[in-house]
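[1] Everything below, folded, please.
(one chain, ligands or ions: 1)
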Amino acid sequence: MNIAMLLDMAVAGDPDRVAIGSRRSGTTCAELRRTAAGVAGVVHRAGARELVFAGVNGPVFPLLLFGAALAGVPLVPVNYRLSAEALTGLLQHTEKPLVVADEPFAEVFTAAGLDVRTPEELLAEGRAAEPAEGLEGSADDPAVLLFTSGTTAAPKAAVLRHRHLTSYVLQTVEFGSADPDDTVLACVPPYHVAGVGSVLSNLYAGRRMVHLGTFEAGAWLELVRAEGVTSAMVVPTMLARVVEHLAGRPAEVPTLRALAYGGARMPRTVLEAALRAFPGTGFTNAYGLTETSSTIALLGPDDHRAALSSDNPSVRARLGSAGRMVPGVEAQIRDAAGAAMPTGVPGELWVRGPQVSGEYKGAAALLDADGWFHTRDLAHFDDEGYLFIAGRADDTIIRGGENIAPAEVEDVLLRHAAVREVAVVGVPDEEWGERIAAFVVTHEGSAVDAESLRGWVRGHLRGSKTPDVVVFRDELPYTPTGKLLRRELLTTIRKG
Ligand code: AMP
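    Below is the predicted model of the structure:
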C-alpha cells in the first residue's frame, strides 16, 4: 500500500471535511488530493528523483508528503536549522532533488546550483499544473528519507518505505475514529519522524490539523485555545517550556483532551508538573525511533491515571515507563552479545514488525537474519509488559569497570529542588576509564553548590554513581526535537 491510498481513503470518507487549517477557509480532503496531484505533476516534469523540503511545519508539508508519493519519489525533509555547510553535506546524499525551501533557507540551495522553489511558488504551480496520476510506485518504494537526529557526526538517511508507514497507521489508528470537531496541533518539525507520522495518522483518523511553525510556549497555549485544539504532540523540551511558562498556574485549555509526548526521555519532574497544570487532559507517552516509523510503545491516559493513583510502587513506577508495545511490533531484550534475556532483566531492546525499517540509504538493511532491529536503547520490561527505557547504550558510562546509565543519575539530580535540567556524561579518565560529569542548570533564584549535589546523589545511589564533577550551566544544548547533545557537552569539558 502507498501512503497516497490513506489520502484517497480520507477523500472517499468525506471529501469536504477540512483536513488542514481554519474551520472556515481551510483545505478540504478533496482539495488536498487535487493540489498534491498538481505538485506531483511539477515534480515529475522537473525530472526530480527526490523532493527535498527545508521549512517549518505548516500546511505545505502534507501537500509535499502526498505530492511526492503521487509522483513516485521520496520526500526528504531536512533540518533547516543546520549550518549551510551541514546542509550542503546532506545534499551530497540526495539524488536529483527538487528543493522546496522557506525563503530564509533557500539561498544555500540556490548557491549549490539546485532547482529551488518556495512553498508558495510550488503551490501556485501545483494548483495550475496538470495533475499527475498513475505515477505512484509500489508499497516497497521509499516514501520518506529522514536524516537521523544529528547527535552523531556523520549524516545517515533512514529509508521509510510506503509499507512501513502504512503498516504503522493501519496498526495503530482506527479509520475515521475522530469526532467531527477534533483538531490536532502540529508543532514537531517535518524532519522528525513524529512530524510525518502525525500527518498520516491524523488524516486517516479524520482530525483537522492546525500548525505552529516555530514553537513558543505562549503561542502554543494561545493556539490551543483559539482553535479549540483537542489533541497535540510535543517533545519533552517543549512540555518543559510550557510548564515553565505557566509557572504553577493551570493551563486553562478545556478543549485539550489528549496530549502526547515523546521523542526523548521525559524528566519525571516535568511530567508531574504538566499533569498538575493540565488536570483535564489525558497524557500519552509515545516511544519510537526514526527507523521504526515512529511509535512502537505507548503509555496511555489510563496507564497514567492508574500509576498516579496506585499505592503499589511497581504500578506507580510506570509513570516513568514507555508503556506497552503497539500491535504488530514484537520486542526482545538481549545482552550486549545479542543473547535473549529473561523478563525483568535489563539489556538492549530489539524490535521486529512490519513498520520497522532499520535501513539507511546506500547501506545494507540492519535487520538480523530473523528481521530483528537493534534499537541500541537500554531497556527492561516489568512483569505486565511495561517497557522502561534507560537511554542509549552508547551513552553508558563505564567507570572503573562499572556500567552506569546516565539516566539513573539524572533522575536523582532532577529530584533536587534546585535542579531544573541536567545532563550526565562520561569524561575520559586515565585512572577510571571514565569519570562522571553532571552538567546542571538550576532554577532561577536557587543557590546550590557542587558538593551538596554530590552529597544528594550519594544519599540516593551507590557512591560509585556520584558525579566526580558538577558543572553549572545557564542552559544545555538540545536538538529542536528535544534530544540532549551529550557529545557537545563533552567537547566543552575537554576544552577546559
Ligand atoms: P530518533 O530516531 O532521532 O527519533 O531517536 C530515537 C531515540 O529517542 C530512541 O532510540 C530513544 O533513545 C529516544 N526516545 C524516543 N522516544 C522516547 C520516549 N518516549 N522515551 C524515552 N526515550 C525516547
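[2] which stretches of the stretch 351-496 of the chain form strands?
    373-381, 387-392, 397-399, 402-404, 419-429, 433-442, 469-472 (DSSP state E, counting those that start in this stretch).
[3] Then the stretch 201-350 of the chain?
    208-211, 231-234, 258-262, 282-289, 294-299, 324-325, 330-334, 347-352.
[4] Tabulate the ones you listed in CSV, adding columns for mean neighbour count and distance to Glu451.
    No exception for glycine: its C-beta is placed from N, CA and C like everyone else's. CSV is the format used below for these (neighbours: other C-beta atoms under 10 Å; distance: least, C-beta to C-beta, whole Å):
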stretch, mean neighbour count, distance to Glu451
strand 208-211, 23, 47
strand 231-234, 25, 36
strand 258-262, 22, 34
strand 282-289, 23, 35
strand 294-299, 26, 37
strand 324-325, 20, 42
strand 330-334, 17, 38
strand 347-352, 22, 35
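[5] Get me the contact residues on the stretch 201-350 of the chain for the ligand.
    Where the stretch 201-350 of the chain comes near the ligand, counting by C-beta under 6 Å from any ligand atom, the residues are Gly262, Gly263, Ala264, Arg265, Asn285, Ala286, Tyr287, Gly288, Leu289, Thr290, Ala322.
[6] now those as CSV including pLDDT?
    Below are these laid out as CSV (pLDDT from 0 to 100):
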residue, pLDDT
Gly262, 96
Gly263, 94
Ala264, 93
Arg265, 91
Asn285, 98
Ala286, 98
Tyr287, 98
Gly288, 97
Leu289, 96
Thr290, 95
Ala322, 98
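[7] Out of those, give me the two with the largest separation.
    Asn285 and Thr290 (17.6 Å; C-beta to C-beta).
[8] if I look at the residue of the chain most remote from its centre, how far off is the ligand?
    Note on the chain: the largest C-alpha distance from the chain mean falls to Glu431, namely 38.0 Å (C-alpha atoms, centre = their mean). Note on Glu431: its distance to the ligand, by C-beta to the nearest ligand atom, to the nearest Å, is 30 Å.
[9] go on, Arg49?
    Separation of Arg49 from the ligand (C-beta to the nearest ligand atom): 24 Å.
[10] Name the nearest residue to that residue, sequence neighbours excluded.
    Excluding its sequence neighbours, the residue lying closest to Arg49 (C-beta to C-beta, 6 or more residues apart in numbering) is Lys96, at 4.0 Å.
[11] what's the answer for Glu103, then?
    Per C-beta to C-beta, 6+ apart, closest to Glu103 is Thr118, 5.7 Å.
[12] so what does the helix or strand hosting Ala69 touch, helix or strand wise?
    If you go by DSSP states H and E, Ala69 is part of helix 60-71. Here helix 60-71 touches helix 3-13, helix 29-45, strand 50-54, strand 75-77, helix 119-128, strand 142-147, helix 193-205, going by 3 or more C-beta pairs under 8 Å, 6 or more residues apart in numbering; DSSP states H and E.
[13] what angle sits between that helix and strand 50-54?
    Orientation check (axes from the mean of the first three to the mean of the last three C-alpha atoms, to 10 degrees): helix 60-71 against strand 50-54 gives 170 degrees.
[14] Render the CA-only coordinates of helix 60-71 in PDB, please.
    Provided in PDB are the C-alpha atoms of helix 60-71 (Å, rounded to 0.1, in the frame of the first residue of the first chain):
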ATOM      1  CA  VAL A  60       2.500  22.800   2.800                       C
ATOM      2  CA  PHE A  61       4.100  19.800   4.500                       C
ATOM      3  CA  PRO A  62       1.100  17.300   4.000                       C
ATOM      4  CA  LEU A  63       0.900  18.500   0.300                       C
ATOM      5  CA  LEU A  64       4.600  17.700  -0.200                       C
ATOM      6  CA  LEU A  65       4.300  14.400   1.500                       C
ATOM      7  CA  PHE A  66       1.400  13.300  -0.700                       C
ATOM      8  CA  GLY A  67       2.700  15.200  -3.800                       C
ATOM      9  CA  ALA A  68       6.000  13.200  -3.600                       C
ATOM     10  CA  ALA A  69       4.100   9.900  -3.100                       C
ATOM     11  CA  LEU A  70       1.900  10.600  -6.100                       C
ATOM     12  CA  ALA A  71       5.000  11.400  -8.200                       C
END
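[15] Just give me how far that helix sits from the chain centre.
    Averaged C-alpha coordinates place helix 60-71 at 20 Å from its chain's average position (C-alpha atoms, centre = their mean, to the nearest Å).
[16] How about stretch 274-289?
    Here the centre of stretch 274-289 is set off from its chain's centre by 15 Å, with C-alpha atoms, centre = their mean.
[17] Any chance of TSV for the strands of the stretch 201-350 of the chain, columns distance to Ala437?
    TSV is the format used below for these (distance: least, C-beta to C-beta, whole Å):
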stretch	distance to Ala437
strand 208-211	39
strand 231-234	29
strand 258-262	27
strand 282-289	27
strand 294-299	30
strand 324-325	34
strand 330-334	29
strand 347-352	24
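[18] Leu90 reaches Leu82, doesn't it?
    Yes: the criterion here is C-beta atoms under 8 Å, and Leu90 meets it with Leu82 at 7.2 Å.
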